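> I'll drop the sequence and a predicted model, then ask my questions.
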Amino acid sequence: MLNQVGAGVVITGTGSATPEMTLNNHHLERMVETSDEWITARTGIQERRLADAQGSLSSIATLAAQGAIAMAGIAATDLDLIILATSTPDDLFGTAGQIQHHLGASQAVAFDMTAACSGFVFGMVTAAQFIRTGAYKNVLLIGADILSRWVDWSDRGTCILFGDGAGAVVMQAGESDRFLGFELRSDGTQNSALQLAYRAQAKEIVNGVNVAQGNFQPIAMNGKEVYRFAVQKVPEVVEKALFRANLSAEQIDWLLLHQANQRILDAVAQRLNIPTEKVLSNLARYGNTSAASIPLALDEAVRQKKIHPGDIIAAAGFGAGLTWGAAIFRWGR
């Protein structure tokens with residue numbers, strides 16, 4: 001078990017939201033040289049949800065947050081802190097404040113954090129530290145991304161993968177401690193394997209003074225390198241988090257991985273000797289939703305009553321940065 005500084009941490013509510021518009025594999029067949037059979041076999045994805053031209057990150061994130069707050073049985077005004085894990089904000093200066101406003105969470109401080117597809121796990125660990133120190137009692141953590149904004153829809157290597165969505169959890173101080181262990185990692189030497197890079201050109205604003213102005217470029221990925229990285233590093237980080245929690249893989253009720261590729265999910269489960277029936281997956285319907293994928297799958301499983309109070313969940317995120325991490329927790333009070 002983790003050494004407790006102060007209060008225990010409990011996860012008491014989940015929520016999720018996705019845009020209404022659906023793009024399936026047959027649509028993609030008309031856009032790029034690919035096929036439904038190829039996409040399904042290679043990734044496990046059959047369709048994904050996309051925000052339309054009027055869609056915003058703050059709107060789907062707010063809906064997910066409202067579901068989590070309602071399940072937790074608290075009011076928005078009870079929140080002390082809102083953390084938004086995202087790589088695709090509506091505003092580069094931050095979107096968490098907009099969500100705070102939409103929720104009416106007038107007592108909460110709000111900020112964005114970016115760790116790409118690992119963002120939700122990094123956010124859980126961050127929220128837990130605020131709770132353990134006694135600084136805050138009620139924390140709303142949201143993972144949300146609209147990656148369709150940054151996909152090159154002519155690149156068949158990436159456009160088949162990504163979708164849009166949001167998921168949220170409420171984490172609260174409690175007498176029992178249900179946040180059992182974690183491990184976080186980063187390796188910037190592999191940053192080029194998966195990135196959404198800013199590219200600029202020099203602009204002279206006055207004689208002798210040049211600044212850089214440009215735009216972010218579409219998502220670029222080395223699929224083979226990312227697959228190799230995930231299959232090697234994710235089992236290791238789950239095992240380290242389990243060690244910190246004084247648990248074994250056999251004691252896990254559910255393995256909840258970032259929903260990137262079904263082949264990755266299967267390979268990680270196999271390396272951990274976790275049976276398929278313990279692996280949560282909704283990848284076929286939503287694709288890779290980045291920071292939203294773990295809380296989106298968690299909320300669905302909770303509301304379907306697949307996950308029961310007290311179940312031990314090993315969650316792991318991995319992606320751009322490169323970043324990866326795992327968190328072990330029990331669901332519910």
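That came through fine. Computed from a prediction, not measured in an experiment: that's the story for all the values here.
> all helices of the chain, in order?
According to DSSP state H, the chain carries its helices in the segments 25-29, 36-43, 57-72, 96-103, 119-132, 223-244, 262-271, 283-286, 293-303.
> which stretch among the ones you listed comes nearest residue 197?
Closest of the helices of the chain to residue 197 is helix 223-244, at 15.5 Å (criterion: CB to CB). From N, CA and C alone the C-beta is placed, and that goes for glycine too.
> What degree of burial does residue 60 show, as a neighbour count?
By other CB atoms under 10 Å, the residues close to residue 60 number 25.
> same check, this time on residue 32
14.
> Next up, the contacts around it.
153, 154, 155, 156, 159, 160 (CB atoms under 8 Å, 6 or more residues apart in numbering).
> will you turn the helices of the chain into CSV that also has distance to residue 147 and mean pLDDT?
Listed next are the helices of the chain as CSV, based on distance: least, CB to CB, whole Å; pLDDT from 0 to 100:
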stretch, distance to residue 147, mean pLDDT
helix 25-29, 15, 96
helix 36-43, 15, 96
helix 57-72, 10, 98
helix 96-103, 18, 98
helix 119-132, 12, 98
helix 223-244, 15, 95
helix 262-271, 17, 96
helix 283-286, 11, 97
helix 293-303, 11, 98
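> Adding distance to residue 316, write the ones you listed out as TSV.
Shown next, in TSV, are these (distance: least, CB to CB, whole Å):
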stretch	distance to residue 316
helix 25-29	26
helix 36-43	18
helix 57-72	20
helix 96-103	24
helix 119-132	7
helix 223-244	5
helix 262-271	8
helix 283-286	14
helix 293-303	8
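> Next one: the residue most central in space within the chain from residue 145, what distance?
By CA atoms, centre = their mean, the chain has its centre lying nearest to residue 291, at 2.1 Å. Per CB to CB, to the nearest Å, residue 291 is found 5 Å from residue 145.
> Check residue 168 too.
13 Å.
> higher neighbour count, these two?
For residue 168 versus residue 145, neighbours defined as other CB under 10 Å are more numerous around residue 168 (35 against 30).
> Settle this for me: that one is touching residue 65, isn't it.
Yes: taking CB atoms under 8 Å as the definition, residue 168 is a contact partner of residue 65 at 4.6 Å.
> quick one: common contacting residues for the two?
15, 140, 142.
> residue contacts, the first one?
For residue 15, the set of contacting residues under the criterion of CB under 8 Å, 6+ apart consists of 63-71, 167-169, 299.
> at 6 Å what do you get?
64, 67, 68, 168, 299 (CB atoms under 6 Å, 6 or more residues apart in numbering).
> could you dump those residues to CSV with distance to residue 182?
Below are these laid out as CSV (distance: CB to CB, whole Å):
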residue, distance to residue 182
64, 22
67, 25
68, 20
168, 19
299, 20
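> Which among those count as buried?
Among these, those classed as buried by 16 or more other CB atoms under 10 Å are 64, 67, 68, 168, 299.
> Please name the residues that touch the fourth one.
Contacts here follow CB under 6 Å, 6+ apart; on that basis residue 168 touches 15, 64, 65, 68, 142, 295.
> rerun at 7 Å
Residue 168 sits next to 14, 15, 64, 65, 67, 68, 140, 141, 142, 295 when contact means CB atoms under 7 Å, 6 or more residues apart in numbering.
> Please name the bridge partners of the nearest residue to the last one once chain neighbours are set aside.
What it means is residue 295. If the residues on either side of it in the chain are set aside, residue 295 comes closest to residue 167, at 2.6 Å by CB to CB, 6 or more residues apart in numbering. Beta-bridge partners for residue 167, by DSSP bridges, are residue 16, residue 143.
> I'd guessed residue 167 sits against residue 299; true?
Yes: taking contacts as CB atoms under 7 Å, residue 167 lies within contact range of residue 299: 5.6 Å.
> and for those two, which residues touch both?
Counting by CB under 7 Å, 6+ apart, the contacts common to residue 167 and residue 299 are residue 16.
> Looking at the contacts of residue 15, which is nearest residue 228?
So of those, ranked by how close each gets to residue 228 (CB to CB), first place is residue 299, at 30.3 Å.
> returning to what we had before: identify, from the buried ones among the contacts of residue 15, the entry nearest to residue 40.
residue 299 (24.3 Å).
> Could you check the pLDDT of the most far-flung residue of the chain relative to its centre?
No residue in the chain sits farther from the centre than residue 207, which is 45.5 Å out by CA atoms, centre = their mean. Reported pLDDT at residue 207 in the predicted model: 91.
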